[in-house]
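*Asks:* could you work out the structure for the sequence below:
(one chain, ligands or ions: 2)
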Amino acid sequence: MTAAGKTQPPGEDALGADGHNPFRAAMRRSRAPEPATLVIFGATGDLARRKLLPAVFGLWQDGLLGSAFNIVGVGRQEMTDEGFGDFVLEALRSSKETDAPQPGALEKFRELLYYEHGDFGGDEVYSLVQKELDRAQDAHGGRKNALFYLSTPPSLFEPISAGLGRLGLADESEGWRRLVIEKPFGRDLGSARELNAAIHRVWDESQVYRIDHYLGKETVQNLMAIRFGNAIFEPLWNRAMIDHVQITAAEDLGLEGRAGYYEEAGVIRDMLQNHLLQLFALTAMEPPVAFDAGAIRDEKVKVLRAVRPIPQGRVAEVAAFGQYGPGTLYGEAVPGYREEPGVREGSPTPTHVAVRLEVDNWRWQGVPFFLRTGKRLPKKVTEIAVVFKRPPLGMFPGGTERNVLAFRIQPDEGVSLKFSSKSPGQEMVLREVVMDFRYDAFGAQLESPYSRLLLDAMLGDATLFPREDEVDCAWQLVSGLLERAEDTPPQEFPNYPAGTWGPEAADRLIGPDRRWRRL
Ligand SMILES: NC(=O)C1=CN([C@@H]2O[C@H](COP(=O)(O)OP(=O)(O)OC[C@H]3O[C@@H](n4cnc5c(N)ncnc54)[C@H](OP(=O)(O)O)[C@@H]3O)[C@@H](O)[C@H]2O)C=CC1
Ligand SMILES: O=C1O[C@H](COP(=O)(O)O)[C@@H](O)[C@H](O)[C@H]1O
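*Replies:* Residues are numbered from 1 along each chain as shown. Ligands and ions are numbered 1, 2, ... in the order given. Alright, predicted model coming up:
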């Protein structure tokens, strides 16, 4: 491993003075997609403004979207193409995620933008989209390829999919057609199955791309690179060497004005069912036979199926729920969850969950995986920590600590290994030290997960998108937790002050011989 800042891939620079990222473009230029139209349903929404449009702009500016590309925004508000152009440029200027534009780039990007509006339950809006695809073909030549991105409230996923189907827009005879679906994919096992069935009445599974933006994070992909690109880790990756694994996704943010959504979702649907179970699956899965969508998704499903089920009766033994009360964060007083605008009085919605997963397969028998995530914790940090067994014999003073291999997903992306070393002096006294690899050693700006995933979908690469059966398994795993959380007596919450690491019950869950890492 190298120290921070020491490794520079040969011939690669960091961001140029003009904000262009030659390293990123050089890495990916061999993968230009065919001419295509990106159709964003819900193009005026928060996600489109803050994340999607900046991601598309970054890809386009880096020359990664091919020579012929355009965007059709679709919404319910009436707007001209010109008005949509103004909206998009304003979104790009105000989003923190937008790459620095090269001179004239924003005006050129504006020329790619079109807009249609209508009622997503009727037919007219889809025939307007059809005309946009015809117009793009006249301009681009070639086939009528289209990526439909559903960035709307989840209640519209099914009507839009059906509307596209009625007008024949899922038919691939004139070009490829793909459907990207935002999260949440359903609100429980039953609704996810219904949504899958409705989608499959129109689309083949190979056309469907369910987004989980954690899979687009560079450091999540690095987990696979480190596991399967090195000889030293895999022999240790099992019950013989590993004591337990901790997966933490801590957020310092509270609701950020999303009470309407969060009151319905809660932390189990918002983070555990998708992002955390995906991190778990990538950590625990068997090596895939190939680095492709089918092989990786097969392995993820296998390990999700191997997790011991958590029916309601086991929940108290393996999980702890929390909700934040008023507290202090970064020296400022912050309100409790129930005091946030839009939250019901006495709301029982959990904002923190910790859970112990047991994996009933040969590799992991007896190795618990502890997952925790919550809002209004002391800091934003996502980490996967593989905690090894203690040495069998304490030969030296202080020499019985567990080694830890930690993948820092965000921020300060990197990987560290904690081990014991002799401390200087006459005595054989050991101290814990850390060897640290920082991702910024590569000198490249990390790509936004949405850029990565959008480009993959344009290229037809579904490796980083959860498949139908993965989503189903994940819902099965959390069903008991959801049922139990819904029955939480309101007087049990709040049970952790904002700005602390969650409820005491989460500490009891991992203890007494183990404790959560101090991050
Ligand atoms: N925002 C975020 O950070 C994240 C969002 N997501 C998911 O992305 C999707 C979009 O989220 P977000 O952008 O926040 O949502 P918004 O509520 O901001 O808006 C989404 C879009 O859908 C349109 N819309 C809303 N209701 C209707 C309706 N009844 N008929 C037609 N159009 C409608 C909105 O139009 P109008 O502008 O007119 O209101 C807007 O264009 C959701 O599924 C969400 O769960 C996932 C992860 C993070
Ligand atoms: O999907 C979601 O993720 C974010 C956290 O994402 P991150 O990339 O910032 O770690 C979370 O805040 C949000 O509630 C959830 O819907």
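*Asks:* confirm for me that Leu509 is in contact with Leu357.
*Replies:* No. In this structure, Leu509 is not within contact of Leu357 by C-beta atoms under 8 Å, at 11.5 Å. From N, CA and C alone the C-beta is placed, and that goes for glycine too.
*Asks:* which of the two has more residues huddled nearby?
*Replies:* Neighbours of Leu509 and Leu357, each counted by other C-beta atoms under 10 Å, are more numerous for Leu357; the result is 25 against 20.
*Asks:* on that earlier part again, overlap of the contact sets of Leu509 and Leu357?
*Replies:* Overlap of the contact sets of Leu509 and Leu357 (by C-beta atoms under 8 Å, 6 or more residues apart in numbering) consists of 318, 370.
*Asks:* please list the residues of this protein that sit near ligand 2.
*Replies:* With the criterion set to C-beta under 6 Å from any ligand atom, the chain comes near ligand 2 through 251, 253, 270, 382.
*Asks:* please redo it, this time with the cut-off set to 8 Å
*Replies:* Contact residues (C-beta under 8 Å from any ligand atom) of the chain with ligand 2: 183, 213-214, 217, 249, 251, 253, 256, 258, 261-262, 265, 270-271, 274-275, 375, 380, 382, 410, 449.
*Asks:* which of these fall within strands?
*Replies:* 249, 382, 410 (DSSP state E).
*Asks:* what is the last one paired to in the beta sheet?
*Replies:* The reference is to Gln410. Thr382 (DSSP bridges).
*Asks:* tell me the pLDDT of it.
*Replies:* Per-residue pLDDT puts Gln410 at 93.
*Asks:* quick check, it in contact with Lys379.
*Replies:* No. Counting by C-beta under 8 Å, Lys379 is not a contact partner of Gln410; they are 11.1 Å apart.
*Asks:* who has more neighbours out of the two?
*Replies:* Gln410 (17 against 13).
*Asks:* next up, the contacts around that one.
*Replies:* By C-beta under 8 Å, 6+ apart, Gln410 lies in contact with 217, 219, 380-382.
*Asks:* one more pass at 7 Å, please.
*Replies:* 217, 219, 382 (C-beta atoms under 7 Å, 6 or more residues apart in numbering).
*Asks:* same check, this time on Thr328
*Replies:* By C-beta under 7 Å, 6+ apart, Thr328 lies in contact with 334, 499.
*Asks:* domain ranges for the chain?
*Replies:* 24-182, 215-510 (automatic domain parsing).
*Asks:* these two touch, right, Gly502 and Tyr496?
*Replies:* Yes. Look at Gly502 against Tyr496 with C-beta atoms under 7 Å: they come within range, at 5.1 Å.
*Asks:* so what's the residue in the stretch 1-150 of the chain positioned nearest to ligand 1 up against?
*Replies:* At 2.6 Å from ligand 1, Gly45 is the closest residue in the stretch 1-150 of the chain, using C-beta to the nearest ligand atom. For Gly45, the contact set (C-beta under 7 Å, 6+ apart) comprises 151-152.
*Asks:* go again using 10 Å as the cut-off
*Replies:* Residues counted as contacts of Gly45 (C-beta atoms under 10 Å, 6 or more residues apart in numbering) are 52, 75, 151-153, 182.
*Asks:* hang on, the earlier thing: mutual contacts of Gly502 and Tyr496, please.
*Replies:* With C-beta under 10 Å, 6+ apart as the test, Gly502 and Tyr496 both reach 322, 324, 351-352, 374, 376-377.
*Asks:* any of those buried? List them.
*Replies:* Buried residues within those, defined by neighbour count using 16 or more other C-beta atoms under 10 Å: 322, 324, 351-352, 374, 376-377.
*Asks:* keep only those of the contacts of Gly45 that are in helices.
*Replies:* The helices, defined by DSSP state H, take in nothing from the contacts of Gly45.
*Asks:* possible to save these as TSV with neighbour count?
*Replies:* TSV is the format used below for the contacts of Gly45 (neighbours: other C-beta atoms under 10 Å):
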residue	neighbour count
Leu52	27
Gly75	23
Ser151	25
Thr152	23
Pro153	12
Glu182	21
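*Asks:* skip ahead from the longest helix along the chain and say which helix or strand is next.
*Replies:* Secondary structure of the chain read by DSSP H shows that its longest helix is helix 468-486. For helix 468-486, the following helix or strand on the C-terminal side (DSSP states H and E) is strand 496-497.
*Asks:* which residues does that following strand contact?
*Replies:* 322-329, 334, 336, 351-352, 374, 376-377, 502-506.
*Asks:* pull the number of nearby residues for Asp243.
*Replies:* By the measure other C-beta under 10 Å, the count of residues near Asp243 is 18.
*Asks:* in what element of secondary structure is it found?
*Replies:* Under the assignment here (DSSP H and E), Asp243 is part of strand 242-250.
*Asks:* for ligand 1, what are the nearby residues on the stretch 1-150 of the chain?
*Replies:* Residues of the stretch 1-150 of the chain lying near ligand 1 by C-beta under 8 Å from any ligand atom: 41-51, 75-77, 119-120, 150.
*Asks:* out of the residues you listed, which are inside helices?
*Replies:* Mapping those onto helices (DSSP H) picks out 46-47.
*Asks:* report the buried members of the residues of the stretch 1-150 of the chain next to ligand 1.
*Replies:* For these, a burial check counting by 16+ other C-beta under 10 Å picks out 41-45, 47-51, 75, 120, 150.
*Asks:* distance between the longest helix of the chain and the chain's centre?
*Replies:* For helix 468-486, the distance from its own C-alpha centre to the chain's C-alpha centre is 18 Å (C-alpha atoms, centre = their mean, to the nearest Å).
*Asks:* what is it packed up against?
*Replies:* If you count contacts as 3 or more C-beta pairs under 10 Å, 6 or more residues apart in numbering; DSSP states H and E, helix 468-486 packs onto helix 189-200, strand 208-210, helix 259-267, helix 277-284, helix 293-306, helix 312-318, strand 319-322, strand 352-357.
*Asks:* rerun that using 7 Å as the cut-off
*Replies:* In terms of contacts (3 or more C-beta pairs under 7 Å, 6 or more residues apart in numbering; DSSP states H and E), helix 468-486 is packed against helix 189-200, helix 293-306, helix 312-318.
*Asks:* phi, psi of the nearest residue to Ser206 once chain neighbours are set aside?
*Replies:* Spatial nearest neighbour of Ser206, excluding adjacent residues (C-beta to C-beta, 6 or more residues apart in numbering): Ala462 at 7.4 Å. When quoted as degrees, to the nearest 10, the phi and psi of Ala462 stand at phi -100, psi 10.
*Asks:* may I ask which helix or strand encompasses Lys144?
*Replies:* Under the criterion of DSSP H and E, Lys144 resides outside all helices and strands.
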